[in-house]
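> Quick one, structure for this:
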Amino acid sequence: MPRLIYGTAWKKDQTTKLVKSALTHGYRGIDTACQPKHYQEQLVGRAIQNYMDSAKFPREELFIQTKYTSLNGQDPNHIPYDKNASIEEQVKQSIAKSLENLGVTYIDSLVLHGPMRDHLENMKVWREFEKAVDKSEVKQIGVSNFYDLQSLSALYTEARIKPAVVQNRFYRATGFDKALRAWCIKNGVIYQSFWTLSANPEYMAHPSVRKAASELNVTPEQVFFRFVMDLGICPLTGTKSPQHMQDDLAVLDLKLEHENFEAIRKVAGL
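Prediction:
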């Protein structure tokens, strides 16, 4: 899994252009969803195919992550599967649609977009995810928007194929998922963060972050991304700016001094 992933939510008709720009700049991880309400998955696929064809780039060097979204997260007028089918059949149809949209023979990471109504329904989805791994349609499986550690732990315990990733919003309102992230580390699960910058503007403005940015001659946003990575997190970035795409990738080679890291961690209560 790449250490930084490009997120494609809310890109609408700019999706193909922006995803191809991200790939051209050097991103190798792309996150999307089979959810027309917020993602244009087929346009992500068009960008990926255009890039691979023009750059003669091998599929194996890309990390493509998509999601199954339940009915309550879909636009009623644009549901990508049969709304009257069973949960199991909806998951199968969603996976098939994602493979078609993306123009690939396998998905690197398939994520449950959010908890179902209860544990039983979570496990119905999960069993279909496991079958997709068995059929080599998917390489790994995970969850998103799971903030209740008890629910996550219950799924993990019952799963035959364990979650490889948890993707959550990273912000103060959830205590930055401190206990959940500790659980992820203990169980070898990668924690992905979204809205990493947009949900935390107060930290980019904090003197400890600005001090580190000044010393490194980078932006406060780059410092915060590096801080998050040093916590063991894989962040998503959804920027539309080519300059910010470059800036975010440059964070991979940035070194945050221990003193600055600890100062930021103290401010964030981590």
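
> all helices for this protein, in order.
15-25, 41-55, 87-102, 119-134, 149-158, 178-187, 201-204, 207-216, 220-230, 242-250, 258-268 (DSSP state H).

> Deepest in the core, which of these is it.
Mean neighbours per residue, mean count of other C-beta atoms under 10 Å, is largest over these for helix 220-230, with a mean of 23. In short, each C-beta sits where N, CA and C put it, glycine included.

> which stretches of the stretch 51-200 of the chain aren't confidently modelled?
Regions of the stretch 51-200 of the chain meeting the criterion pLDDT under 70 are absent.

> Dump the helices of the chain to CSV, plus distance to residue 9.
Supplementary listing: the helices of the chain in CSV, determined by distance: least, C-beta to C-beta, whole Å:
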stretch, distance to residue 9
helix 15-25, 10
helix 41-55, 10
helix 87-102, 15
helix 119-134, 20
helix 149-158, 22
helix 178-187, 22
helix 201-204, 19
helix 207-216, 25
helix 220-230, 18
helix 242-250, 16
helix 258-268, 24
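
> wait, which of the ones you listed is closest to residue 165?
Each of the helices of the chain has some distance to residue 165 by C-beta to C-beta; the shortest is helix 178-187, at 8.8 Å.

> what's the neighbour count on residue 162?
For residue 162, the tally of surrounding residues (other C-beta atoms under 10 Å) stands at 15.

> So for it, what's the nearest residue that isn't a sequence neighbour?
With C-beta to C-beta, 6 or more residues apart in numbering as the measure, residue 156 is the residue that lies nearest to residue 162, at 5.9 Å, once sequence neighbours are left out.

> now do residue 210
Nearest non-adjacent residue to residue 210 (C-beta to C-beta, 6+ apart): residue 220, at 5.6 Å.

> again with residue 40
Taking C-beta to C-beta, 6+ apart as the measure, residue 40 lies nearest to residue 15, with 4.3 Å between them; neighbours along the chain are not counted.

> measure that neighbour to residue 47 for me?
According to C-beta to C-beta, to the nearest Å, residue 15 and residue 47 sit 7 Å apart.

> and if you look at residue 20?
Using C-beta to C-beta, one obtains 4 Å as the distance from residue 20 to residue 47.
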